[in-house]
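**Q** From the sequence below, what's the structure:
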Amino acid sequence: MGYRILLVEDDAAIRESVAALLRLDGHHVETVDDGREALSLLAGRSYDVILSDFRMPSMDGDELYRRIEQRWPHVARRVVFVTADEATVFRAQCGGAPVPTLTKPYTVEGLQEVIARVIARDT
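**A** Numbers count the residues shown, from 1 in each chain. Predicted coordinates:
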């Protein structure tokens, strides 16, 4: 079963290759290159998973997450951060639970696993 996934990634090559992998798995994927565009889409659409790069110009993952948490708290649990920094542990404001993180470089299996975990959290 495919899920609706929003991919927020400022690096075009990574964005397109990850989107292609997700589509091969049967997911419906929409891509944007920054947090502001992500917020615009989230205002009008629903996603099962939001994969967001943590370090981006203009609006980083931290700010994007905080805005999602303020506007759509039920959606915040669907966010996964993607980062090259293994030390990144981001905690949600409500409850202090860590936001799932996928460390670059990652495998297709790792990507599939984190999506399955997020879906399981929401059911």
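**Q** Below-threshold pLDDT in this structure: ranges please.
**A** The model of the chain has pLDDT under 70 over residues 86-97, 123.
**Q** Now do the same contact list for the spatially most central residue of it.
**A** Among the residues of the chain, residue 51 comes closest to the average C-alpha position under CA atoms, centre = their mean, at 1.6 Å. Residues in contact with residue 51 (CB atoms under 8 Å, 6 or more residues apart in numbering) are 5-9, 18, 80, 82, 102. Just so you know, the C-beta spots here come from the backbone N, C-alpha and C atoms, and that holds for glycine as well.
**Q** can you put those in a markdown table and add neighbour count and distance to residue 71?
**A** Below are the contacts of residue 51 laid out as a markdown table (neighbours: other CB atoms under 10 Å; distance: CB to CB, whole Å):
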| residue | neighbour count | distance to residue 71 |
| --- | --- | --- |
| 5 | 24 | 19 |
| 6 | 24 | 14 |
| 7 | 24 | 19 |
| 8 | 29 | 15 |
| 9 | 21 | 21 |
| 18 | 21 | 25 |
| 80 | 19 | 18 |
| 82 | 24 | 21 |
| 102 | 18 | 24 |
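**Q** Max pairwise distance over these: which two?
**A** Pairwise distances across these (CB to CB) peak at 14.6 Å, for the pair 6 and 102.
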